[in-house]
Every structure is written in structure tokens, then in C-alpha cells.
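Engineer: Here is a sequence together with a model predicted from it:
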Amino acid sequence: MSKKIIRRDFINSVALAGAGIAMGVPNISTGKTLNGKPAILGGAKSHTGAFPGWPFFDKTEETGLADVLKSKAWGRLNGGVVARFEKEYSQMLGAKYSLGVSSGTSALTTILGALEVGPGDEIIIPVYTFVATYNVVVLNYALPILADTDIESFQMDATKVQAAITPQTKAIMPVHIGGSPADIDAFVELGKKNNLPIIEDACQAHLAEWKGKKVGNFGIAGAFSFQSSKNLNCAEGGAITTNDEAFIRNCYNFHNQGQGGKTTAYTPGVGTRATNLRLTEFQGSLLLSQMTRVAEQSNRRWENAQYLTQLLKEIPGIIPAKLYPGTTRSAYHLYMFRYDKNHFAGLSRSKFLEALSAEGVPNSVGYGQMNKDSYVTGLAKNKHYLKIYGEKTMQEWLERNQCPQNDALTSEQSVWLFQNMLLGTKKEMEQIAEGIRKIQKYAAEIAKK
Ligand SMILES: Cc1ncc(COP(=O)(O)O)c(C=O)c1O
């Protein structure tokens with residue numbers, strides 16, 4: 001069966017390659033000709049086979065994990081692997097301190113814990129983010145204020161934040177979404193002007209840089225995730241970076257039941273609330289092994305993404321997400337672009353994406369409208385929130401969370417490609433662009449399908 005499919009694909013591609021030469025639609029960027037019809041209309045796929053899988057591992061991981069196993073020191077309170085990871089992670093990021101924790105969510109929770117955020121406080125976050133950014137605020141019974149999106153960059157719009165600040169605001173938490181830096185200088189300025197800490201949610205942004213400095217170094221602290229899909233991965237894990245010694249001590253205490261140092265002996269910290277969010281030695285070991293490849297992978301994503309952007313910018317109606325001028329490196333956890341159906345004979349985004357999948361190019365529409373999700377709007381009826389803030393404030397909160405730019409971006413424009421695709425070859429970047437060109441050429445026909 002699979003042999004038959006391979007053979008039919010071969011015949012199709014040979015036939016269509018011939019037709020392509022005859023039809024001769026030139027590709028401006030590559031100088032090659034297109035291969036005839038899109039795959040959704042029976043043509044050959046632009047990209048056959050699979051993009052690189054994720055994650056990678058070799059003997060380095062196997063040896064590291066086996067060593068931890070044999071040591072019988074499996075937790076950070078017993079061994080020294082997590083501590084070694086923290087040293088290397090801070091060195092890699094150019095931060096004075098880092099703390100390994102059990103997830104990116106735990107990193108954000110610990111930062112909010114160390115800042116003693118609680119009921120009555122407001123935290124400004126972007127509407128366009130993974131729901132964890134919202135959840136960590138709500139778990140503290142604080143009020144998440146959702147700021148609108150800069151449609152060009154997909155990042156939180158810094159120009160909308162000043163108006164969202166009230167006397168209750170306790171922190172501003174921009175997210176470097178997709179691994180591209182948010183408008184950092186603008187947020188640092190807002191923080192200074194309003195005397196508010198900036199928390200960088202850098203969960204997707206390992207090794208991203210702003211003016212040559214790694215993200216996670218610009219606010220009071222940065223939070224990173226090492227969950228399976230992330231550019232640095234140990235299944236579940238996270239880290240906090242900071243350049244403030246007192247702050248890292250408070251974070252350590254918070255993630256270790258209020259106790260400082262490496263032991264369980266009681267040494268009082270500053271805070272009065274804490275929990276257990278420790279990373280294990282196994283995860284620390286996996287991270288140290290994965291870190292032997294992270295810089296090379298980051299370079300490859302960056303180079304491929306730059307090339308892809310160059311190709312896609314030549315296609316009318318495909319608008320790669322803008323990088324702010326301070327960006328010297330995006331982690332490209334996601335490759336984000338906008339789709340304008342007006343340049344595709346009115347072809348809907350969902351049909352465009354179906355056609356792109358048929359070309360062998362995985363994709364997603366990405367995040368939606370968190371402010372309108374019943375999971376979020378339901379907070380206005382949460383009994384504890386009503387008790388803390390009252391009905392009037394919660395109704396006003398719903399109003400404050402209107403985000404028209406985000407509505408426009410997410411309802412029919414946003415498209416994502418994934419980090420592992422950017423670990424592919426230059427040729428594969430050309431095939432992504434070629435697939436989109438074919439879809440554009442036949443858009444009217446696909447729309448009728
Ligand atoms: C922007 C953002 N914040 C927070 C998190 C939470 O990280 P984790 O899944 O490791 O808890 C993620 C993870 O997907 C994320 O993308």
C-alpha cells in the first residue's frame with residue numbers, strides 16, 4: 001500500500017515537473033519554476049517527507065541520565081546537577097543568577113510569590129499568550145488586565161499599557177511571544193516611569209536577544225519553560241533568571257517551602273508563603289545535555305527564518321510578524337505571519353491552511369481571543385473574585401479587557417509555523433514559499449472546492 005502511494009506520488013511529481021516547465025511560473029526568489037497545481041487540487045506536494053522531529057538526543061543524554069540514576073541522588077536537595085545547570089544557564093544567558101523550577105508556570109508563580117502578589121493587585125499581561133500567563137495571576141487571586149496586541153508584531157502593544165495602569169497595578173508582564181522579543185525598551189521605560197517591576201515571560205524565548213543582550217535580563221526577572229515543545233526541553237521544567245541577589249534568594253525560598261539553602265533545615269526567608277516547585281536532578285541532567293546543542297539550533301532557526309522571511313515578503317498577502325528594531329535575535333519558537341485573503345481571491349484562512357497542510361507544510365491558526373473565552377469571562381462570576389473585588393469591579397473588568405486589534409489578528413489573519421521546521425534545510429524553506437505561491441495562483445479554484 002505505502003509503496004503504491006510512493007509510486008503514484010513519483011509519477012505525479014514527474015508529470016507535474018514537466019508541466020511546470022511548460023507552464024513556467026517563475027519564482028522571483030529562487031529563480032525556479034513552480035510545479036503546477038497545488039496538492040489540494042491533485043498536484044505534487046511542495047514539501048515531501050518530514051521536517052526534523054523534536055527533540056534530539058544521543059549518548060550524551062543517556063549517559064547523563066544513567067549517572068543520576070546510579071548516584072541515587074535524584075532530587076536537588078541531594079545532588080548537585082540542578083545547581084550545575086543553574087550555573088551554566090545563567091552563564092549562557094549572561095544573567096547573574098538562575099533558579100531551576102518544575103515548569104514555566106512554576107517560574108512565573110515563583111516570581112509572583114517573591115513579589116508577594118495577592119488579592120487586590122492587578123497584573124498587566126498580553127491577551128495574545130498561552131493561558132499559563134493568565135493562570136498564574138488568577139491563582140494568586142490577583143486581577144489579570146489583558147492588554148491588546150500590536151497586530152504587526154503579534155506582541156503586547158506597549159502603547160496600550162499606560163492607560164491600563166491603576167493604583168492597584170503591581171507589575172507588568174510582557175511575553176516574548178513566539179520567541180521574538182517584545183518591545184523591551186518601551187516596557188522598561190513604562191516600568192521606570194510608573195515604578196513597577198517588569199516580569200519577562202520568556203517561556204518561548206531561549207537565547208532571544210535585544211540589542212545584543214539575552215532576554216530575561218531586562219526586568220526584575222525572566223521566566224523560561226522547558227516543556228516538551230520548547231527550544232530547550234526536559235519534558236517539564238522551567239527557570240528564573242535575575243540580576244538581583246535578594247530576589248533570587250526570595251525565589252529559592254518560595255520554591256522550597258519557605259526554606260533557604262540546599263537543606264531542609266529551617267532558615268527563614270523574606271516571604272510568608274511558599275510551596276514546592278523544585279526541579280529534579282534527572283531534568284537538570286537532560287537540560288545540561290540539551291544545552292550542548294542549543295546554540296547551534298538557535299543559529300540554524302535564525303538563519304532559516306531570515307531566509308524564509310525574505311521569500312515570504314515577496315508574496316503579496318503574506319506578512320511575516322515584524323521584529324522590533326532592538327531585536328538582534330529571535331528564538332523563533334514559532335514562525336508567525338499574517339495572511340490577507342484579499343490577495344488570495346478571497347480564499348478563507350481555514351481553506352488556505354488546509355491547502356498548506358496538503359503541501360506538506362504543518363501549520364496552525366495559533367492563539368485565539370482569550371478575553372472572550374468562557375474560561376476567562378467566567379472569572380467575573382467566580383465567588384472568591386466577587387467577594388474580593390465586588391460585582392461592579394468585575395463587570396468593569398470585562399469591559400477593560402476589550403482587544404480589537406487582537407480580534408482582527410486572530411479571527412482571520414494569524415498563522416503559525418513551528419520551531420522544528422526551522423531546523424530543516426534552506427531547500428525546505430524554499431518549498432514552504434513555493435507551496436504558498438502555488439496556492440495563491442490557484443486560490444480562486446481552491447475557494448470553489
Ligand atoms: C508564553 C508562555 N508562558 C508560560 C508557559 C508555561 O510553561 P510550562 O508549560 O512549562 O508550564 C508557556 C508554555 O507553553 C508559554 O508558552
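Structural biologist: On my side now, so go ahead.
Engineer: going forward, measure contacts and count neighbours with C-alpha atoms only.
Structural biologist: Fine.
Engineer: where in this protein is pLDDT low?
Structural biologist: The chain contains residues with pLDDT under 70 at 1-35, 262-270.
Engineer: 90 - rerun?
Structural biologist: Applying pLDDT under 90 to the chain flags residues 1-36, 259-272, 449.
Engineer: which parts of it sit against the ligand?
Structural biologist: Within the chain, the positions lying close to the ligand (CA under 6 Å from any ligand atom) are 103-105, 129-130, 132-133, 175, 201, 203-204, 225-227, 236-238.
Engineer: Give me the buried subset of those residues.
Structural biologist: Those of the residues of the chain next to the ligand that meet the buried threshold are 103-105, 129-130, 133, 175, 201, 203-204, 225-227, 236-238, by 16 or more other CA atoms under 10 Å.
Engineer: so which strand or helix has Gly284?
Structural biologist: Assigned by DSSP states H and E, Gly284 belongs to helix 281-312.
Engineer: buried residues in that helix?
Structural biologist: 281-291, 294, 297-305, 308-309, 311-312.
Engineer: Contact partners for the spatially closest residue to Thr242 that is not a sequence neighbour?
Structural biologist: Once flanking residues are discounted, Thr242 sits nearest to Ala221: 4.6 Å by CA to CA, 6 or more residues apart in numbering. With contacts defined as CA atoms under 8 Å, 6 or more residues apart in numbering, the neighbours of Ala221 are 111, 198-200, 240-243.
Engineer: if we go to 7 Å?
Structural biologist: Ala221 is in contact with 199-200, 240-242, counting by CA atoms under 7 Å, 6 or more residues apart in numbering.
Engineer: Quick check: bridge partners of it?
Structural biologist: Judged by DSSP bridges, the bridge partners of Ala221 are Ile199.
Engineer: and the very next helix or strand once past the helix holding Gly284, how far out from the chain's middle?
Structural biologist: Per DSSP H and E, helix 281-312 leads on to strand 318-320 as the next helix or strand towards the C-terminus. Strand 318-320 has its C-alpha centroid displaced from the chain centroid by 18 Å (CA atoms, centre = their mean, to the nearest Å).
Engineer: Direction included, what does strand 318-320 pair against?
Structural biologist: Partners of strand 318-320 in its sheet, by DSSP bridges: strand 334-339 (antiparallel).
Engineer: what comes into contact with the partner strand?
Structural biologist: 178-179, 317-321, 413-419.
Engineer: how about 6 Å then?
Structural biologist: 178, 317-321, 413-419 (CA atoms under 6 Å, 6 or more residues apart in numbering).
Engineer: Which of those residues sits closest to Gln440?
Structural biologist: Distance to Gln440 across the contacts of strand 334-339 (CA to CA) is lowest for Gly317, with 9.2 Å.
Engineer: Name all residues that make contact with the closest one.
Structural biologist: Counting by CA under 6 Å, 6+ apart, Gly317 makes contact with 339-340, 343.
Engineer: Kindly recompute the last result at 7 Å.
Structural biologist: Contacts for Gly317 (CA under 7 Å, 6+ apart) come out as 339-341, 343.
Engineer: For the nearest residue to Tyr252 once chain neighbours are set aside, give me phi and psi.
Structural biologist: Of all residues not flanking Tyr252 in the chain, Gly260 sits nearest, at 6.4 Å (CA to CA, 6+ apart). Recorded main-chain torsions at Gly260 are phi -80, psi 180, according to degrees, to the nearest 10.
Engineer: Gly260 - how many residues pack around it?
Structural biologist: Counted with other CA atoms under 10 Å, residues neighbouring Gly260 total 21.
Engineer: And for Trp397?
Structural biologist: Per other CA under 10 Å, the neighbour tally for Trp397 reads 19.
Engineer: same thing with Ala345?
Structural biologist: 16.
Engineer: now Glu152
Structural biologist: With other CA under 10 Å as criterion, Glu152 counts 17.
Engineer: I'd like to know how far it sits from Pro362.
Structural biologist: 22 Å (CA to CA, to the nearest Å).
Engineer: so how far is Thr159 from the closest residue to Leu422 other than its chain neighbours?
Structural biologist: Distance criterion CA to CA, 6+ apart; nearest residue to Leu422, sequence neighbours excluded, is Arg301 at 4.8 Å. Using CA to CA, Arg301 is found at 30 Å from Thr159.
Engineer: ok, now Ala355?
Structural biologist: 36 Å.
Engineer: Could you check which of these two has the larger neighbour count?
Structural biologist: Set Ala355 next to Thr159 and count neighbours by other CA under 10 Å: Ala355 wins out with 22 against 15.
Engineer: Surely the more buried one is in a helix?
Structural biologist: Yes - according to DSSP: H, G, I helix; E, B strand; the rest coil, the state of Ala355 is that of a helix.
Engineer: Is it in contact with Gly42, as I believe?
Structural biologist: No - contact criterion CA atoms under 7 Å: Ala355 and Gly42 do not qualify, at 10.8 Å.
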